[in-house]
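Peer 1: Here is the input, now give the coordinates:
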Amino acid sequence: MKPYYRLVVKKPIELLDALLCIFKEQARISFDGKLSSRLFEEIPVVGTQPIEPHLRNTHSKENFLIIPITAVTLDILRKKVLPQVGLRKNVECVLISKKDKLVFWAYDWFHKDCVGLSLIVPEAQVIALCKKGILKEYKIIEK
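Peer 2: Here you go, the predicted model:
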């Protein structure tokens, strides 16, 4: 595994909102968990089954959605889905990929040992997320 940032997240909604804006075009986000279909009815879903790099790390029987991040979906995700989906209650896993490479992962309901971010994001942006109170802390993992 390449080096990455391990993140301790205080505000998952705000973190995903920021990451959606950072990665936006040519990116996809996936949600794995108890997902309300009404939240996603306006969004074109790319897939409902795990595919590279959006894979499950469990044998979950919950809903799984992969969504392209576009100008249209970005707005819906930020204003409707993120505030209502229940990131720490209903969503076991969130993944973001860009150009078919995993760039963000949050497993086990954003557990402090299970959230990572690719080093393609400049450290200054990660520091800014800490200063805004979105992250409690981060650490570069050199694996």
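Peer 1: Could you list the low-confidence segments of this structure?
Peer 2: The chain contains residues with pLDDT under 70 at 49-50, 56-60.
Peer 1: Could I get the full set of strands for it?
Peer 2: Under the criterion DSSP state E, strands of the chain are mapped to 4-9, 27-33, 63-69, 91-98, 101-106, 115-118, 135-141.
Peer 1: now the angle from the longest one to strand 27-33?
Peer 2: Here strand 91-98 runs at 170 degrees with respect to strand 27-33, directions being taken by axes from the mean of the first three to the mean of the last three CA atoms, to 10 degrees.
Peer 1: again, but for the first one
Peer 2: Counting by the same axes, to 10 degrees, strand 4-9 lies at 50 degrees to strand 27-33.
Peer 1: quick revisit: in a markdown table: the strands of the chain, plus mean neighbour count and distance to Phe40.
Peer 2: Using the backbone N, CA and C atoms, a C-beta is placed for each residue, glycine as well. What follows is the strands of the chain, written out as a markdown table (neighbours: other CB atoms under 10 Å; distance: least, CB to CB, whole Å):
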| stretch | mean neighbour count | distance to Phe40 |
| --- | --- | --- |
| strand 4-9 | 20 | 23 |
| strand 27-33 | 23 | 8 |
| strand 63-69 | 19 | 6 |
| strand 91-98 | 22 | 12 |
| strand 101-106 | 20 | 18 |
| strand 115-118 | 21 | 23 |
| strand 135-141 | 14 | 27 |
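Peer 1: how about CSV for those strands, with distance to Pro83 added?
Peer 2: Converted to CSV, the strands of the chain look like this (distance: least, CB to CB, whole Å):
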stretch, distance to Pro83
strand 4-9, 16
strand 27-33, 14
strand 63-69, 16
strand 91-98, 13
strand 101-106, 17
strand 115-118, 19
strand 135-141, 19
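Peer 1: And the ones you listed: which comes nearest Thr48?
Peer 2: Minimum separation from Thr48 across the strands of the chain (CB to CB) falls at strand 63-69, 5.9 Å.
Peer 1: From the contact counts, what lies against the closest one?
Peer 2: Contacts defined by 3 or more CB pairs under 8 Å, 6 or more residues apart in numbering; DSSP states H and E place strand 63-69 against strand 27-33.
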